[in-house]
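Peer 1: Please work out how this folds:
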Amino acid sequence: MVPGDSGSGPVSATRGFLGWRMIALGFLAANLAIGLTFGTFGVLIKPVAAELGASRGLASFGIAVILLLMGIAGPVLGIAFRHVRIRSVMIGGAVLMAGGFLLAARAQSFTVFMLGYSIIGGAGCAMLGIIPASTLMANWFVAKRGMALGIISVPLLVAAAPPVAAWLAESRDWRFALTAQAGVLLLLLPLLWLVVDRPEDVGQSPLGGAQPHTGALASQPAAAGYGRLLGDRYFWGILISAGLITTGGIVIVSHLVPFATDSGISPTKAAALLSVNGTASMVGALMCGIIADRIGARLTVGMIGVALAVLWSLLLAFPRYEVIVILLIGIGPCSGGLHPAFATLLANAFGRESFAAALGLATLLMLPFTFFAAPLAGAIYDTTGSYSTAFMLEIGAFTAAAAIVLGLFARRPR
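Peer 2: Sure thing, here's the model as predicted:
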């Protein structure tokens with residue numbers, strides 16, 4: 001038996017490359033983790049707040065708690081994946097999410113709801129979601145790594161889960177909807193048992209052969225790895241560039257509708273713009289992953305920054321409905337495609353042995369960007385009565401991100 005195997009013995013070459021199965025499992029896990037938290041929260045929050053006596057503002061704090069937990073969990077997962085199987089972490093995450101949702105479904109106070117949905121469920125989301133799935137892709141793919149990361153990043157259930165949750169809540173109630181979500185997660189468990197951490201565990205090799213660049217961190221223990229990452233200016237360059245670009249997607253989701261209505265667009269049409277952006281983001285996740293494989297992840301991230309700077313400038317100059325729709329067809333793919341390009345760049349630069357640590361630490365250190373982007377844009381609007389200054393800051397952020405990743409770090413891996 002190959003060391004580290006799950007007990008089924010090595011897989012012969014005749015059984016085919018299992019990496020494609022890992023893509024399917026990673027896509028399913030990441031989508032259920034994000035779709036059943038961020039995708040359904042907005043649908044459930046109004047009836048939950050009304051029944052449990054919470055203000056809308058307090059109720060909305062639930063998503064911030066999940067974001068915080070996901071950021072904190074990043075470095076912890078980076079260490080855990082050196083000692084614990086990805087499969088075990090994913091299964092534990094699904095169980096935690098299901099248990100948290102069941103607790104929230106039976107809550108008689110908003111405090112208990114938050115404990116179940118946001119704290120227990122949020123911890124489970126981090127364990128089931130994008131960091132484990134991305135690490136799995138980095139382990140199985142050298143060639144087509146960007147494509148693999150792009151596929152698992154397509155947020156299909158973020159778009160599909162809300163109407164289903166709304167239908168369940170309307171036909172029964174929000175408690176039934178949460179119980180159904182828990183049931184879906186429990187049904188996922190047998191599939192997660194099929195996750196194989198590394199191709200070597202079943203006698204296979206990563207697609208594309210031996211890792212071309214493992215980086216200086218690959219053989220270091222977890223603590224030394226974090227120390228080396230924090231001292232690496234290229235890591236900070238990737239982190240800051242991705243963080244600056246990430247703010248744009250958050251501001252779009254949070255402030256596009258009020259920006260559009262301020263420009264004389266009806267609320268119904270303004271809300272439809274979010275659907276355009278979301279659909280375009282799904283296309284971009286796959287498209288940018290493939291582009292990263294073709295031209296390099298560094299250049300892809302840089303091009304995303306340049307494209308967003310141009311598109312947001314046009315958005316600010318021509319805030320008409322038809323123009324915004326066209327611009328979102330470009331903005332959405334750039335926002336949705338950032339993660340696969342960013343994750344591919346980290347994997348290429350630091351190798352699969354250190355990828356989980358690099359991605360986990362970056363997730364934590366990007367919290368200031370993800371937490372403060374929307375409130376800062378709102379505060380600027382409150383002060384100036386316009387989104388112009390906030391949008392100009394975004395344009396400057398995109399430009400700076402492109403300059404960093406294209407200019408200062410051109411000699412490092414693609």
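Peer 1: So, low pLDDT: which residues of the stretch 51-200 of the chain?
Peer 2: 56-57, 60 (pLDDT under 70).
Peer 1: which residue ranges form the helices in it?
Peer 2: Remark: helices assigned in the stretch 51-200 of the chain by DSSP state H, counting those that start in this stretch are 56-80, 86-105, 110-114, 121-128, 130-140, 145-153, 156-171, 174-192.
Peer 1: how about a markdown table for these, with distance to G284 and mean neighbour count added?
Peer 2: (C-beta placed from N, C-alpha, C; glycine too.) Output for the helices of the stretch 51-200 of the chain, formatted as a markdown table (distance: least, CB to CB, whole Å; neighbours: other CB atoms under 10 Å):
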| stretch | distance to G284 | mean neighbour count |
| --- | --- | --- |
| helix 56-80 | 21 | 18 |
| helix 86-105 | 25 | 23 |
| helix 110-114 | 33 | 19 |
| helix 121-128 | 22 | 28 |
| helix 130-140 | 16 | 28 |
| helix 145-153 | 9 | 28 |
| helix 156-171 | 13 | 17 |
| helix 174-192 | 26 | 19 |
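Peer 1: mind giving me TSV with those helices and columns for distance to P206?
Peer 2: As requested, these are arranged in TSV below (distance: least, CB to CB, whole Å):
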stretch	distance to P206
helix 56-80	20
helix 86-105	15
helix 110-114	41
helix 121-128	23
helix 130-140	6
helix 145-153	9
helix 156-171	26
helix 174-192	21
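Peer 1: Might you report the residue contacts of the residue most central in space within the chain?
Peer 2: Centroid-nearest residue in the chain, with CA atoms, centre = their mean: I130, separated by 5.6 Å. The contact partners of I130, by CB atoms under 8 Å, 6 or more residues apart in numbering, come to 30, 33-34, 152-153, 339.
Peer 1: From V283, how far out is it?
Peer 2: 18 Å (CB to CB, to the nearest Å).
Peer 1: Kindly report the same for G16.
Peer 2: Where V283 is concerned, G16 sits at a distance of 28 Å (CB to CB).
Peer 1: And for I120?
Peer 2: Counting by CB to CB - I120 and V283 are separated by 34 Å.
Peer 1: likewise P163?
Peer 2: Taking CB to CB, one finds P163 at 20 Å from V283.
Peer 1: With Y117 instead?
Peer 2: Y117 is 30 Å from V283, by CB to CB.
Peer 1: cool, Q181 as well?
Peer 2: From Q181 to V283 the distance is 26 Å (CB to CB).
Peer 1: before we move on, what about L178?
Peer 2: In terms of CB to CB, L178 sits 31 Å off from V283.
Peer 1: How about the contacts made by L52?
Peer 2: Here L52 is in contact with 107-110, 113 (CB under 8 Å, 6+ apart).
Peer 1: What is the neighbour count of E322?
Peer 2: 8 (other CB atoms under 10 Å).
Peer 1: which stretches of the stretch 201-350 of the chain form strands?
Peer 2: Remark: strands of the stretch 201-350 of the chain are absent; assignment by DSSP state E, counting those that start in this stretch.
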